[in-house]
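Colleague: Sequence plus the predicted model coming up.
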Amino acid sequence: MSRILIIDDEDYIRAMVQQMLERAGYTTAVASDGREALVAQGAVPADAILTDLMMPGQEGLETIMEIRRLYPKTKIIAMSGGGHGGVLDFLPIATQLGAVRTLAKPFSREQLLAAVKEALEA
């Protein structure tokens, strides 16, 4: 089964997403920001990366650009709970930078699994 790297600064979101993916049969790794994620991806590459956009340290858009540059075949899913359709809606920008799918928080288990499946097949 595919390996998914989950990047989010909120412990409970990382744990929830990790649990949902592992119950669906995926192998997971976690990181609390983009810098930590790049180290993890360099050590054991993931097939897909699920990244939050709003994080302290290295945020999601910068992380997407770095992953695209260093690991161009890795599929990226961006997730965000900020500003859907408003001034702080960065999900469309994440798509322009290379995310193959986006998820608006909060999302359901079904939405998460569908996004991961679609990203891996893209």
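Modeller: Structure's in. What do you need? Computed from a prediction, not measured in an experiment: that's the story for all the values here.
Colleague: tell me which residues form a beta bridge with I6?
Modeller: Judged by DSSP bridges, the bridge partners of I6 are V30, L50.
Colleague: low-scoring pLDDT stretches of this protein, where are they?
Modeller: 82-88 (pLDDT under 70).
Colleague: And the helices in it?
Modeller: 11-23, 34-43, 60-70, 91-97, 109-121 (DSSP state H).
Colleague: can these go into CSV with extra columns for mean neighbour count?
Modeller: Where C-beta positions appear, they are placed from N, C-alpha and C, glycine not excepted. Listed next are the helices of the chain as CSV, based on neighbours: other CB atoms under 10 Å:
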stretch, mean neighbour count
helix 11-23, 15
helix 34-43, 17
helix 60-70, 19
helix 91-97, 16
helix 109-121, 16
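Colleague: which one of those helices lies closest to I49?
Modeller: Among the helices of the chain, the nearest to I49 by CB to CB is helix 60-70 (6.0 Å).
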